[in-house]
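>>> Could you work out the structure for the sequence below:
(2 chains)
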Amino acid sequence: MQPFTTLTAIAVPMHEANIDTNQLCPTRFNKVPRGPKYREILFYDSRFKPDGTPTEFMLNAAPYDQSGIIVADRNFGCGSSRETAVYALYEFGIRCVIAPSFGDIFAANCAKNGLLALTLPEEQCAAIRRQLQDQPGATVSVDLAAQTVTDVQGKAHKFEIHEVRKRCLLEGLDDIARTQQYSDRIAGFENHYYKDRPWLGAAARSR
Amino acid sequence: MTARTMFDKIWDSHVVAEEEGEILLYVDRALIHEGSSHAFAALKRRNQSVARPHQVFAFTDHYVPTTGREKGIAGIAVDEIRNMVIAQHENTAKHGIKLFGFDDPGQGILHIVPPEQGITQPGLLIAGADSHTSTHGAFGAVAFGMGASDMTHVMATQATWQRKPKKLRITVNGKLGFGVAPKDIILAVIANIGAAGGVGHAIEYAGSTFAAMSMEGRMTVCNMSIEAGARCGMIAPDETTYAYMDGRPYAPKKGAEWDAAMVRWQELPTEAGAVFDREVTLDAAQIEPMVTWGVNPEMAGPVGSAVPDPRNAPDERKRSDWTMALDYMGLQAGMALQDIKIDRVFIGSCTNSRIEDVRAAAEVAKRGKAVVPAWVVPGSKKVKVQAEQEGLDKILIAAGFEWRDPGCSLCTAINGDQLKPGERCASTSNRNFRNRQGPGGRTHLVSPAMAAAAALKGHFTDVRELL
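Sure thing, here's the model as predicted:
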């Protein structure tokens, strides 16, 4: 996983609440193998007409075609668990989404792919979106180690992130490698767990 | 000792390790579907085997066609779709994973089949490669969906790193009104707390309304927990749960196995005095048949109400959300929900494709003739067979409904079943998001009885007037 440390990038404001993962990656593209094709898939049904020609959607034109950050409203990434929504953001070049809240599964998927799903209070998100509205193409900076977002006017906003998630993102750590250090603990857990729950034992698991 | 919630009991009994508040949880069962191709690709990249193949169950549902099945897998017309089904066969065979596949008599949707097979049990921690895994909480299990990376991790280690969510108890008391379905209860709950109302929370549904509900109804309720943003939803196991499980293939065998399980199951329910982070209470008597009018499940109202006017929205943000929603849905503010004409009806999905749902649809369908194309897609082959034994297929077909083969079909709309641009569908599924049922499609979420009633009238109608 590519580490996330600091980022200064064009930020695109999205004012709508509850932007779901169906919008980020329409379902029919879920079968596309991971790769650069996902750049075009992001917000496909908003960015392209049924005949395939581009719409006026803001990600289609400068400056927002170069966006690295989305500043959104609450419950961004709600709905389906599809990780393709994150692949699409990633391939487009988005490395950070700032919002008051996220779909839980989406936020977890971001963390596993080097994207920062960053939570700031509703008023701060709204204020940054207004700044971006006034100055299209302005940049926002994120410093993960310092846990700060610097807005268009240079004001720093502190954000919270879980210590383990922060470390994994900063170092680009892989979860499976981390967990494999616990394989003895998992085996020990099973030993005790199934002794206590004979009806879930090996025979019951492979009827 | 302090009183504990059911969620805490199950969570605590699955803790393997902890790192600074992040918990490594043991996973009893993992559920995957054709779309889990990304997880298999990730395993392959890492040259990683599946740690506990007997605890992973695979289902052919998302991409499977719902007609023409007699032609077999080779009969799937679109190469990319057929290849998804074939790849799943190959991947599950390679890793020794049980597949309820295309030709299996147990084939069906990953949230319909595991309960039918007894794979879903009280007290388990179930991880699914699909957000509606919350369904399985209806048995008193902690069940949640996850993305491909987390599922890859589960398949590689049989465990998952999670942070403990907060707890929200939603209590509904009272008898369901005449013609009111479990679907209406959960739509009313979401309209009340909002599509983000459960974010970061595990929901427990409590109260006499759920206690009186069948397992099928409880599954419908828990299924849509994710539509309120919740991590999972659950209902305490009771005699209804145990009676449902009795004799299912993967359930404990009656005798010593069953008795040992029962002792543990009976310890699960939340104890009196246990504290939740949040409590919401609704009165079942106030809940009426519901219809969604917008583009997320919180945009819903009772069938007797009207499409709201954005000018009356409580705040600026809602005003713009409602305006956008009405624009997409092609609706006028203030028009009666019952005046909305529909083009299609879909009765199916992991929310509403169980035997009770088919019965509810047939009960309405026998009172008339469908005036728009209306599909009934059972959730599994077992549901299909049972419905046919009860003669429900004949009733539905006689009323002009189409009786199809099991799968996700027009809910997730990736097997070729989809709406045309601008088409308006009364749907028993779970998401009315823009483009969900096909680009430009317009979805209204309703109960199976309300969907069948809409099929007979060509517009939404209060099903209570037909019954």
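
>>> Can you name the next helix or strand after the longest strand along chain A?
Taking DSSP state E as the criterion, chain A has its longest strand at strand A:6-13. Moving toward the C-terminus from strand A:6-13, the next helix or strand (DSSP states H and E) is helix A:21-24.

>>> In terms of secondary structure, what does the longest strand of chain A contact?
The contact analysis (3 or more C-beta pairs under 8 Å, 6 or more residues apart in numbering or on different chains; DSSP states H and E) places strand A:6-13 against strand A:69-71, strand A:96-99, helix A:122-134, strand A:139-143. (C-beta placed from N, C-alpha, C; glycine too.)

>>> I'd like to know which of these is closest to residue B:144.
strand A:96-99 (20.9 Å; C-beta to C-beta).

>>> average pLDDT across that closest one?
Mean per-residue pLDDT for strand A:96-99: 98.

>>> Then stretch B:133-145?
For stretch B:133-145, the per-residue pLDDT averages 98.

>>> How much space separates the closest residue to residue A:23 other than its chain neighbours from residue B:249?
Of all residues not flanking residue A:23 in the chain, residue A:43 sits nearest, at 6.1 Å (C-beta to C-beta, 6 or more residues apart in numbering or on different chains). Counting by C-beta to C-beta, to the nearest Å, the gap from residue A:43 to residue B:249 is 44 Å.

>>> Also residue B:243?
16 Å.

>>> Dump the helices and strands packed on strand A:6-13 to TSV, plus distance to residue A:60 and mean neighbour count.
Output for the helices and strands packed on strand A:6-13, formatted as TSV (distance: least, C-beta to C-beta, whole Å; neighbours: other C-beta atoms under 10 Å in any protein chain shown):
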stretch	distance to residue A:60	mean neighbour count
strand A:69-71	15	26
strand A:96-99	19	25
helix A:122-134	17	17
strand A:139-143	20	20
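
>>> To chain B, which of these lies closest?
helix A:122-134 (8.6 Å; C-beta to the nearest C-beta).

>>> For that closest one, name the packing helices and strands.
Here helix A:122-134 touches strand A:6-13, strand A:69-71, strand A:96-99, going by 3+ C-beta pairs under 8 Å, 6+ apart.

>>> Let me know which of the helices and strands packed on strand A:6-13 is the nearest to residue B:266.
So among those, strand A:96-99 is nearest, using C-beta to C-beta, at 42.3 Å.

>>> Contacts for that closest one next, please.
Contact partners of strand A:96-99, identified using C-beta atoms under 8 Å, 6 or more residues apart in numbering or on different chains, comprise A:4, A:7, A:9, A:11, A:68-77, A:89, A:110, A:115-120, A:125, A:128, A:140, A:142, A:149.

>>> Show the subsequent helix or strand relative to that strand.
With DSSP H and E, the next secondary element past strand A:96-99 is helix A:104-111.

>>> on contacts alone, who are the packing partners of that following helix?
helix A:84-92, strand A:116-119, helix A:163-171, helix B:148-157.

>>> and with 10 Å instead?
Contacts defined by 3 or more C-beta pairs under 10 Å, 6 or more residues apart in numbering or on different chains; DSSP states H and E place helix A:104-111 against helix A:21-24, helix A:84-92, strand A:96-99, strand A:116-119, helix A:163-171, strand B:142-145, helix B:148-157, strand B:159-162.

>>> Figure out how far the fifth one is from the centre of its chain.
This means helix A:163-171. Its chain's average C-alpha position is 14 Å from that of helix A:163-171, according to C-alpha atoms, centre = their mean, to the nearest Å.

>>> Ok, the second one next?
In terms of C-alpha atoms, centre = their mean, the centre of helix A:84-92 is found 8 Å from the chain centre.

>>> now the angle between helix B:148-157 and that helix, please.
Interaxial angle, helix A:84-92 versus helix B:148-157 (axes from the mean of the first three to the mean of the last three C-alpha atoms, to 10 degrees): 120 degrees.

>>> Near residue 16, how many other residues are there?
Using chain A. Each residue near residue A:16 was counted by other C-beta atoms under 10 Å in any protein chain shown, and the total is 15.

>>> meant chain B actually
23.

>>> Confirm it sits in a strand?
Yes - judged by DSSP: H, G, I helix; E, B strand; the rest coil, residue B:16 forms part of a strand.

>>> Show me the shaky parts of the chain.
Assuming you mean chain A. Across chain A, the ranges flagged by pLDDT under 70 are A:202-207.

>>> The intended chain is chain B.
In chain B, residues with pLDDT under 70: B:1.

>>> Longest helix in it, please.
Secondary structure of chain B per DSSP state H: the longest helix is helix B:79-95.

>>> returning to what we had before: give the partner strands of the longest strand of chain A in its sheet and their orientations.
strand A:69-71 (parallel), strand A:139-143 (antiparallel) (DSSP bridges).

>>> Is the top strand by length along chain B in proximity to chain A?
If you go by DSSP E, chain B has its longest strand at strand B:166-173. No - interface with chain A: strand B:166-173 contributes nothing (C-beta under 10 Å from any C-beta of the partner chain), its closest point being 11.2 Å away.

>>> For residue 162, grab the count of nearby residues.
I went with chain A, as the question did not name one. Residue A:162 - counted by other C-beta under 10 Å - has 13 other residues nearby.

>>> um, chain B though
22.

>>> so who does it touch?
By C-beta atoms under 10 Å, 6 or more residues apart in numbering or on different chains, the residues touching residue B:162 are A:104, A:108, B:11, B:14-15, B:22-25, B:125, B:127, B:142, B:144, B:146, B:150, B:231.
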